[in-house]
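Student: Sequence and predicted model, in that order:
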Protein chains: 4
Amino acid sequence: MAASIIDSSIFQGIFSSDEMRHVWSDENRTSKYIDIERALAIVQARLGLIPQEAADEIVSHCHLDQIDMARLSQQTERIGYPILGVVTQINQLCRDKLGEYVHWGATTQDITDTATVLQIREALAIVDRELAAISAAMAKLAKEHRDTPMIGRSNLQQAIPVTFGYKMAGLLSAIERHRERLAQLKERVLVGEFAGAAGTLASLERGAMETQAGLCAELGLKQPVIAWHTIRDNIAEVGAFLGLVGGTLGKLSMDVKLMMQTEVAEVYEPYHHGRGSSSTMPQKRNPISSCYIHAAISVVRQHAAALMDAMVADHERSTGPWEIEWIVLPEAFCLMAGALKQSRFVLEGLQVDAQAMRRNIDMTEGLVMSEAVMMGLGTHIGREYAHDLVYDLCRQAIAEKKPLLDLLVAHPEIAKHVDRKALEGMLDPSNYLGQSGHMVDRVLATLR
Amino acid sequence: MAASIIDSSIFQGIFSSDEMRHVWSDENRTSKYIDIERALAIVQARLGLIPQEAADEIVSHCHLDQIDMARLSQQTERIGYPILGVVTQINQLCRDKLGEYVHWGATTQDITDTATVLQIREALAIVDRELAAISAAMAKLAKEHRDTPMIGRSNLQQAIPVTFGYKMAGLLSAIERHRERLAQLKERVLVGEFAGAAGTLASLERGAMETQAGLCAELGLKQPVIAWHTIRDNIAEVGAFLGLVGGTLGKLSMDVKLMMQTEVAEVYEPYHHGRGSSSTMPQKRNPISSCYIHAAISVVRQHAAALMDAMVADHERSTGPWEIEWIVLPEAFCLMAGALKQSRFVLEGLQVDAQAMRRNIDMTEGLVMSEAVMMGLGTHIGREYAHDLVYDLCRQAIAEKKPLLDLLVAHPEIAKHVDRKALEGMLDPSNYLGQSGHMVDRVLATLR
Amino acid sequence: MAASIIDSSIFQGIFSSDEMRHVWSDENRTSKYIDIERALAIVQARLGLIPQEAADEIVSHCHLDQIDMARLSQQTERIGYPILGVVTQINQLCRDKLGEYVHWGATTQDITDTATVLQIREALAIVDRELAAISAAMAKLAKEHRDTPMIGRSNLQQAIPVTFGYKMAGLLSAIERHRERLAQLKERVLVGEFAGAAGTLASLERGAMETQAGLCAELGLKQPVIAWHTIRDNIAEVGAFLGLVGGTLGKLSMDVKLMMQTEVAEVYEPYHHGRGSSSTMPQKRNPISSCYIHAAISVVRQHAAALMDAMVADHERSTGPWEIEWIVLPEAFCLMAGALKQSRFVLEGLQVDAQAMRRNIDMTEGLVMSEAVMMGLGTHIGREYAHDLVYDLCRQAIAEKKPLLDLLVAHPEIAKHVDRKALEGMLDPSNYLGQSGHMVDRVLATLR
Amino acid sequence: MAASIIDSSIFQGIFSSDEMRHVWSDENRTSKYIDIERALAIVQARLGLIPQEAADEIVSHCHLDQIDMARLSQQTERIGYPILGVVTQINQLCRDKLGEYVHWGATTQDITDTATVLQIREALAIVDRELAAISAAMAKLAKEHRDTPMIGRSNLQQAIPVTFGYKMAGLLSAIERHRERLAQLKERVLVGEFAGAAGTLASLERGAMETQAGLCAELGLKQPVIAWHTIRDNIAEVGAFLGLVGGTLGKLSMDVKLMMQTEVAEVYEPYHHGRGSSSTMPQKRNPISSCYIHAAISVVRQHAAALMDAMVADHERSTGPWEIEWIVLPEAFCLMAGALKQSRFVLEGLQVDAQAMRRNIDMTEGLVMSEAVMMGLGTHIGREYAHDLVYDLCRQAIAEKKPLLDLLVAHPEIAKHVDRKALEGMLDPSNYLGQSGHMVDRVLATLR
């Protein structure tokens, strides 16, 4: 019986992904605790801080299947945190009181934070892979449709032609920047925590920094420059990153939704029988993935703010702010996994209707080419004057429902400078794609 | 395997409650779908819109245990929404194609929204009950400690005495306003939805409004004045309400945390062995519930903003904004159930140390009585002049670490007007509780 | 030189309104401080707590033009709060030290909070008036277009017909609920604050509650049941209310933007020469007001969350949370004034193109009438079977670009039950407006 | 008459700074527009796209003092955007219609976005400088108090000793990471925009990319890889960065507030006469700057979410989301300037009371040394057993109000292994500072 959307047996596959849910599951989190306790014992035995025999015994019991999860749950509700329960259970599994060397010099938050970082590492690997796949799918669309004309829209008004490849390349440029951000933040985020009750490692009379260094090395994490129990810019940066990625996916879904409108009908989410069907309106072709993306990322950006709130921690170990992360991190990652999955699905199977795109360019009978005409006339009669003149003719064309070409040809001042043929050329969209293709090439050239 | 904190087998009892999680579970939500389809069939048969035989057959299959949840999950992922799956399953359970009358004239969102309202009704009943319990606990504390002096604090500085009952009564006044808000919003929120594809009920050639009225009556909901598929102020108001309640619980937890500080030590969360213990610092008496409250309500206020975002719906059925509610509502209610439960636990078992409160009043050797002295002297030498004079003597008392009384007595200008005995009276906290008790009485008098 | 958008000499008229900016101006806020100090002196003299001569002298100097604003600014930066500066200035203006009776028994926050409430009262009056005007404009549109058919849209897909009046009535129902909310919250919010340093009014040895009652009465506010220096649900409720109203305006602007799309072209924001023009694309008819509304309300919902954050106040006078209100309240109200103004402008001058609406209904050659057909056939061949059949024919119509009517007529199973004429009737939108008009009437009937 | 807090003549110096307000002023923004139009003319003349004579004439009028700001304000309200007004004014200032070459090939958003980037560059320079100053002040405190013992606190409970330098070094490590983030994001953000109506630069038949490259070079910005009119991860990243920095300043202010508590009294904000004084409680020493910091950064993190919202832009030029940036960016930067200024002020003048810190360590008569004792005994009797034993003795010490030392000495099991002298050593805080000093050194070593 799940109450959250990401754990709902009905919705989990829509709003998240199995692998991301696994990362943040009780099982995986507890596994990480155990991995860390094991690594700690190994390192401390190597450094001579605890007996090798104790380490061996501890290691032999550091397996998830030896933990009684039901008992752990009870212990957690009683104590408030699960670490002490895990430590107690491992300890009790060990023979001859050797288990008393488990968790040596550590504090609850050391284990929890390091486990979180290990989970973040797994989660970011998924994000990274999905971003790469999205990048590839966008690049493919950008290449294929480098020169497929469609109308560019400004303020939801048809403006001037662009290409569909250009539209994809713009999004792609953001995805590539997100990948760069991800690479940069990993350096700051994939850092272990091992610092003791107030971060000073006073709990280890000797071998403190060596244990910290060894533990981090064992786990493949960077060693922290200082304890970060209440210095949480790293975690909040992860949230901000997810929020930023979400913004780009939100823009993608917004454009897909708008292009799928009945009146626009330029692209479609991948179709299979029944998908996006209504129980009452069989003609509809609903954007489904785009809805889920929109919703997920709208929540994730609020999570980003919540994680910044969690930075306002008190003293050496905080009283409430830390737990904000417990709530928000799993959910933000799970929702993002859903949004990434849905985005990738949309992009990898997107149906692009180039004919419909061309039909939409033509629907205003030339009005969308007014800038082209204005620029073309500008060299003859001055840009601002051309602007005002074309502006008025466009209004006239709208009011009288006449093709712009006819009005242009009939205008005496224009006729002085250019003839119908030249005006037809100015009104041809394929002559006015500007640097669309070139910009696609520029973006593709940045791909790793 | 749960990924969210509210479904985590380790944390669910801390951050939520079983009963609230049940309200938002797949099972209960699906039950509500079925309840509504059943009520619809009953009402439509009564109105002669569908055959009574069909209604009887449908009703006989409207039971959760007849639904194949695994299959429903697959159908949902394929279609994007669970309603059609439920309808199809009920239909197929019925003999002789009588099931084709299920969901007659309804659209997916009618069932979903009405189910959500039924869930909200159950959820608000829990909130209401918890608020009542919190109100009772606060009232008890306010009464018991109506005259228990403690130092009032302003800007985290000791200011002048108040009573602990006064502190509780202030919070209580907010809880009572929340209960009033809840009663008022129920009138707007506990409203059914039955309106068809675009809200016009065109799907029912006759008996449309009668069906709507009958269905709402059957479910104990108010009839809507118009379809609200994309008019979501009601849902967002629920989120705002939870955010406001959260703010009050946050203030409670903030004060408890601050009063539990080692250096303050005036109140304690209820204690049982091991609770709030650290794995390394046995002397600590950690605020546990207060941390959870703080974290939960910090997230809920972000949810409130997300639900306002969900109001920006497009046209007659929205494309993404609606799904924000799916994510946020269950989580906001579940987290609030946790925060309410923890708040109630804290209040019902709060340990109040009146002696420590008195000790803290006395720790500045009179400085916190400076306003009393200032006001007392004001009648003799003018308020602003008295202010400046006492202000300077306080600084001197701090600098020279002398009791304020001695400096006051020694001051020639003061000595002209009042003697040591009068000054001692001015410095007695029990003479300077002002309207603390009276205000407690005023608040208690407002209780229903 | 203004840095904020609401004070920008370029943008202030777009994103706010002069009258709302005046409410939150330094001048008006300082005026309110003075009004309160004056009322306090009057009341306390009446109660015999201060000499009548002092009150008269104080009152004679309680005028904004006697305050040196530049000096006040310096005092504020030095002290951190402006009240003491105002009090000092009034005091110094008074003869014979009579000014020492100003601010008698009050604390900084008493004056600030009460001033804020007075500003909120003025601000809510503006909101109230604008909501009434918006309600009237929506009601007018709902009435005029009660029966103007347009296509209803679900998931941005054409669904089934509605009327434009129905669309307006839905929004109108929310505006009316907002007016109800406003009336209800005023009872909780328009409450004075006068409670002294820690809320106990210990500063007044006698006449404390009488002063509080008298001051509130003098200012036309309700008397508080207890001090609310750190009990801020009232202020946060105002923010939540603005966020909720914003959500409705956001939905309005979303629909207007979408309906103004070149490909849709059903309504237009009011036009005057140059408005919404592009410097380069003369044909465009940009939604301008809708953009401003969208942006303003997106920020205001974040403000709502910030004001809930401000509720997490510490002890009797908070250390930071309170100042969140100082930042957020003026801005939220000013942005909302802009959004309300722009919404009203849009609604009062909205250009509705009923012909274009009809053209859009017809563009799918019958597909949007599929539900009507499905329901019509349902009585003959069963609803779910009719659904599947029509669903397939719709797909065929799309694939083969044929009118749905022709495919329906040609289908043998359908032909058995209904003829072309009956099918034509099913496909006529004016036969399928359902309860659109009736629902408009229901909403209009709720207007006060 | 200003309504916003950052433009308020009373509060502007508290919540912002003059230089940051100047960056976002109407004057500076308009100056940037003019700078860009001038640079554009220069570059296009150099490339032979417009006559040199025209460029010279344009350049001669590209001065802020030639712009009629009042007229610009009117034009903006009429059109909705200020750029066309500026272009028109420059054009009209030019002789012989040479002004028609101004803004050649550009669109409104090109100028606006590039101006925003130029403002961001100036604003980030201020942020950078303030971060450097804060870093220096923290480093100074970390060095000076490398070995000044104070109690470390966990869950607002006294835990084990740390040093004040260690506390500062933790914050410093975050500031250094923020500086690294800032350096990295500048590469992505300080990029020009010049792309025409839909981003394709179709408006320039020739020299399009050369103009773009030249313009960016002229302004000292990077050339974009593709138009970013609706690809706003760069702007949102700036907001996220400010939110993250805010989180760190919030943590600083939280700790200062808590350490300034009457009951703690370990550090003080810089003092001058009257600062932080109350109008009624002369003894108080209020944290003033900390309050402002707390409030400002609480709002800025919501701004960060709003800027992520602004990323959900539609098509090639967005319809509302863009304007979110107009509202939020100036305010977020102005509030952060205030928070940075206040933080720097606090840090550069912070009064540290080492004696009080020591007094607080000693107030529990040894309880805070329990971990030290536990670790010390652990080597003799096993860690977990020692934990349980010390845990119980601590509870006994609390209950019986006895010094922990006495109970330890009296315990038979302990007495077997260690004597009073050894126990006294374990209880000496200066023996239990752990790696505090070493960690300070590690952080200081990372400074550039």
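Tutor: Noted; the coordinates are in hand. Residues are numbered from 1 along each chain as shown, chains lettered A, B, ... in the order given.

Student: Rounded mean pLDDT for the host helix or strand of A:Leu340, please.
Tutor: Assessed by DSSP states H and E, A:Leu340 sits inside helix A:321-349. Average pLDDT, helix A:321-349: 98.

Student: Check whether that helix comes near chain C.
Tutor: No: Helix A:321-349 is not in contact with chain C by Cβ under 8 Å from any Cβ of the partner chain; minimum separation 11.3 Å. Every residue, glycine included, has its C-beta placed from N, CA and C.

Student: in that helix, what counts as buried?
Tutor: A:321-347 (16 or more other Cβ atoms under 10 Å in any protein chain shown).

Student: the strands in chain A, which residues?
Tutor: Secondary structure of chain A (DSSP state E): strands at A:149-154, A:157-163, A:267-268, A:351-352.

Student: Counting by contacts, list what the last one packs against.
Tutor: If you count contacts as 3 or more Cβ pairs under 8 Å, 6 or more residues apart in numbering or on different chains; DSSP states H and E, strand A:351-352 packs onto strand A:267-268.

Student: quick one: the strand it packs on near chain C?
Tutor: No: figure legend: strand A:267-268 not in contact with chain C (Cβ under 8 Å from any Cβ); closest approach 11.0 Å.

Student: hmm, back to that, are the helix holding A:Leu340 and chain D in contact anywhere?
Tutor: No: against chain D, helix A:321-349 shows no contacts by Cβ under 8 Å from any Cβ, the least distance being 8.7 Å.

Student: just how off-centre is that helix within its chain?
Tutor: Helix A:321-349 has its C-alpha centroid displaced from the chain centroid by 7 Å (Cα atoms, centre = their mean, to the nearest Å).

Student: Can you spell out which helices and strands pack onto that helix?
Tutor: helix A:12-15, helix A:18-23, helix A:108-144, helix A:233-260, helix A:289-309, helix B:289-309, helix B:321-349.

Student: Let's see that with 6 Å instead.
Tutor: helix A:18-23, helix A:108-144, helix A:233-260, helix A:289-309, helix B:289-309 (3 or more Cβ pairs under 6 Å, 6 or more residues apart in numbering or on different chains; DSSP states H and E).

Student: mind checking how far the residue in the stretch 301-448 of chain A positioned nearest to chain C is from A:Ile160?
Tutor: Per Cβ to the nearest Cβ, A:Tyr391 is where the stretch 301-448 of chain A lies closest to chain C, at 3.3 Å. Going from A:Tyr391 to A:Ile160 by Cβ to Cβ, to the nearest Å gives 15 Å.

Student: Which residue of these two possesses the greater neighbour count?
Tutor: Counted by other Cβ atoms under 10 Å in any protein chain shown, A:Tyr391 and A:Ile160 do not tie: A:Ile160 has more neighbours, with 31 against 20.

Student: isn't the more buried one right next to D:Gly199, touching?
Tutor: No: taking Cβ atoms under 6 Å as the definition, A:Ile160 is not a contact partner of D:Gly199, at 9.5 Å.

Student: Kindly report the residues of chain A close to chain C.
Tutor: A:155-159, A:257, A:261-264, A:280-284, A:286, A:367, A:370-371, A:390-391, A:394 (Cβ under 6 Å from any Cβ of the partner chain).

Student: got the helices and strands packed on helix A:321-349 as JSON lines, with distance to A:Thr88, mean pLDDT and mean neighbour count columns?
Tutor: Shown next, in JSON lines, are the helices and strands packed on helix A:321-349 (distance: least, Cβ to Cβ, whole Å; pLDDT from 0 to 100; neighbours: other Cβ atoms under 10 Å in any protein chain shown):
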{"stretch": "helix A:18-23", "distance to A:Thr88": "26", "mean pLDDT": "98", "mean neighbour count": "19"}
{"stretch": "helix A:108-144", "distance to A:Thr88": "12", "mean pLDDT": "98", "mean neighbour count": "21"}
{"stretch": "helix A:233-260", "distance to A:Thr88": "27", "mean pLDDT": "98", "mean neighbour count": "27"}
{"stretch": "helix A:289-309", "distance to A:Thr88": "31", "mean pLDDT": "98", "mean neighbour count": "30"}
{"stretch": "helix B:289-309", "distance to A:Thr88": "21", "mean pLDDT": "98", "mean neighbour count": "30"}
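
Student: what's the closest of those to chain D?
Tutor: helix A:233-260 (2.8 Å).

Student: near chain D at all, that closest one?
Tutor: Yes: counting by Cβ under 6 Å from any Cβ, chain D is contacted by helix A:233-260 at A:233, A:236, A:240, A:243-244, A:247-248, A:250-251, A:254, A:258.

Student: Please report the distance of A:Pro429 from A:Leu118.
Tutor: 53 Å.

Student: do the same with A:Glu37
Tutor: 13 Å.

Student: Touching, A:Ala304 and A:Ala240? I think so.
Tutor: Yes: counting by Cβ under 6 Å, A:Ala240 is a contact partner of A:Ala304 at 5.1 Å.

Student: returning to what we had before: of the residues of helix A:233-260 next to chain D, closest to chain C?
Tutor: A:Leu258 (7.2 Å).

Student: Please name the nearest non-neighbouring residue to that closest one.
Tutor: D:Asp314 (6.0 Å; Cβ to Cβ, 6 or more residues apart in numbering or on different chains).

Student: Looks like that neighbour contacts A:Ser253 (just checking).
Tutor: No: using Cβ under 6 Å, D:Asp314 makes no contact with A:Ser253, being 10.7 Å away.

Student: which of the residues in stretch A:175-195 are buried?
Tutor: A:175-179, A:181-182, A:184-186, A:188-195.

Student: Show me the contact partners of it.
Tutor: A:110, A:113-114, A:121, A:128, A:131, A:134-135, A:201, A:212, A:215-216, A:221-222, A:224, A:227, A:234, A:237-238, A:241, A:245, A:446, D:177, D:184, D:188, D:233 (Cβ atoms under 6 Å, 6 or more residues apart in numbering or on different chains).

Student: Of all residues in the stretch 51-200 of chain A, which one is closest to chain B?
Tutor: For the stretch 51-200 of chain A, Cβ to the nearest Cβ, closest residue to chain B: A:Gly80, 4.1 Å.

Student: Got the phi and psi for that residue?
Tutor: phi 110, psi -20 (degrees, to the nearest 10).

Student: How confident was the prediction at the residue nearest to it when sequence neighbours are not counted?
Tutor: Among residues not flanking A:Gly80 along the chain, B:Ile288 sits closest, at 4.1 Å (Cβ to Cβ, 6+ apart). Note on B:Ile288: pLDDT of 93.

Student: Surely B:Ile288 touches A:Arg78?
Tutor: No: using Cβ under 6 Å, B:Ile288 is not in contact with A:Arg78, being 9.9 Å away.

Student: So which of the two has more stuff around it?
Tutor: B:Ile288 (24 against 16).

Student: Quickly list the domain ranges of chain A.
Tutor: Split into domains by automatic domain parsing, chain A comes to A:19-104, A:116-202+A:226-361+A:437-448, A:367-426.

Student: Tabulate these (a markdown table), appending distance to B:Thr148.
Tutor: What follows is the domains of chain A, written out as a markdown table (distance: least, Cβ to Cβ, whole Å):
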| stretch | distance to B:Thr148 |
| --- | --- |
| domain A:19-104 | 28 |
| domain A:116-202+A:226-361+A:437-448 | 25 |
| domain A:367-426 | 76 |
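
Student: So for A:Ile160 and D:Gly199, which residues contact both of them?
Tutor: In contact with both A:Ile160 and D:Gly199: no residue, using Cβ under 6 Å, 6+ apart.
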